[in-house]
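[1] model the following, please.
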Amino acid sequence: MPLQNRVQPDGSIVAVPERGTMMGNRGGKFHRDDQTLGKRRWATYHWICCDMHYKNMKHEAMGKGYTSLFFLDEVTALAAGHRPCFFCRRAEAKAFLGERKVDGFDRELHPQRLGRHETIVSGLPDGAMIEHGGKAYAVKGSRLLQWSHSGYKLAISKASVMKTRLLTPPLITAILAKGYQPRWHPSATTGERA
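    Predicted coordinates for the structure are as follows:
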C-alpha cells in the first residue's frame, strides 16, 4: 500500500502508487511514527523540490529526519509551492531565486501557497498550472495539458479558457514568466500533441 506522500498541483497530499520523477519535503518531519499523516501538512515554510536520485544517497521515505514527498515533475512541485533545492539542485535553485535570499522568499511565498488566486489564462507562462472544471492543467505553449499522477493525458486549447483559479503561486508564476524552465514529465511532449 502506498504511503500518503504524493503531492497534487493544489498542494494536497494523497496515497497513490505513482511516484513521479521528483521528490522533496516541507521543511522536516510532519508524519507520525506509524508513517501516516495527521492534520499537519508541513514542518516549516521551507518547501523544496529535489532530484529523485542524488549521488546514490538513500533515505527512508518517512524516516526520522523528514517526510519525503513525491511529484509528477517540477511543474507540479512549483504549482504546489515548492522551490528547487540548494543541496541537490544548486544551479537550478540559483537560477530560480536570482539574488533573493531563501528565507525571505519562502516567508513571502508561504501565504500564497495557502490562498486562492484568480487569473486570466492568456497571459500565463509555460509551466504555470490552473484549475479548470475541477481538473489541473499545465500551460505549455498554446495548449493546456491535463495533469494526472501518471502524466499529462489530454491537451486543450489555451484560448478555450478565459478566467480561472491559478494553482501556481503568483510569486512562482512571475519567476516562470521571467524565463525559468522547469523540468517536465516526459508525457508533456505527447500530451501537447493530443
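[2] so residue 182 lies in a strand, does it not?
    No. Residue 182 sits outside any strand when classified using DSSP: H, G, I helix; E, B strand; the rest coil, being coil.
[3] now it: closest residue in space that isn't a chain neighbour?
    Closest residue to residue 182 apart from its sequence neighbours, by CB to CB, 6 or more residues apart in numbering: residue 74 at 4.1 Å. Just so you know, the C-beta spots here come from the backbone N, C-alpha and C atoms, and that holds for glycine as well.
[4] so who does that neighbour touch?
    By CB atoms under 8 Å, 6 or more residues apart in numbering, the residues touching residue 74 are 22, 49, 84, 182, 183, 184.
[5] just the pLDDT at it, thanks.
    Model confidence at residue 74, given as pLDDT, is 98.
[6] same deal with residue 57?
    We have a pLDDT of 65 for residue 57.
[7] ditto for residue 64
    Residue 64 is given a pLDDT of 83.
[8] ok, now which ones touch it?
    residue 29.
[9] tell me how far the residue nearest the centre of the chain lies from residue 114.
    Centroid-nearest residue in the chain, with CA atoms, centre = their mean: residue 77, separated by 1.3 Å. As judged by CB to CB, to the nearest Å, residue 77 and residue 114 stand 16 Å apart.
[10] same check, this time on residue 156
    28 Å.
[11] next: residue 124.
    Noted for residue 124: a distance of 21 Å to residue 114, by CB to CB.
[12] what does the longest helix belonging to the chain rub up against?
    Across the chain, the helix with the greatest residue count (assigned by DSSP state H) is helix 102-114. For helix 102-114, the external contacting residues (CB under 8 Å, 6+ apart) are 11, 45-47, 80-81, 83, 86, 97, 169-172.
[13] now with 7 Å?
    By CB atoms under 7 Å, 6 or more residues apart in numbering, the residues outside helix 102-114 that reach it are 11, 45, 46, 81, 86, 97, 169, 170, 171.
[14] after it, which helix or strand is next?
    strand 117-120 (DSSP states H and E).
[15] direction included, what does that following strand pair against?
    Sheet pairing of strand 117-120 (DSSP bridges) gives strand 163-166 (antiparallel).
[16] mind listing what's buried in the next helix or strand after the partner strand?
    Note on strand 163-166: by DSSP H and E, the next helix or strand toward the C-terminus is helix 170-177. Using 16 or more other CB atoms under 10 Å as the test for burial, helix 170-177 gives 171, 172, 173, 175, 176.
[17] TSV for the contacts of residue 74, including pLDDT, neighbour count and distance to residue 161?
    Below are these laid out as TSV (pLDDT from 0 to 100; neighbours: other CB atoms under 10 Å; distance: CB to CB, whole Å):
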residue	pLDDT	neighbour count	distance to residue 161
22	96	26	26
49	97	29	26
84	98	27	28
182	98	24	20
183	97	20	24
184	97	23	20
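[18] which stretches of the protein have low pLDDT?
    Applying pLDDT under 70 to the chain picks out residues 54, 57-59, 190-194.
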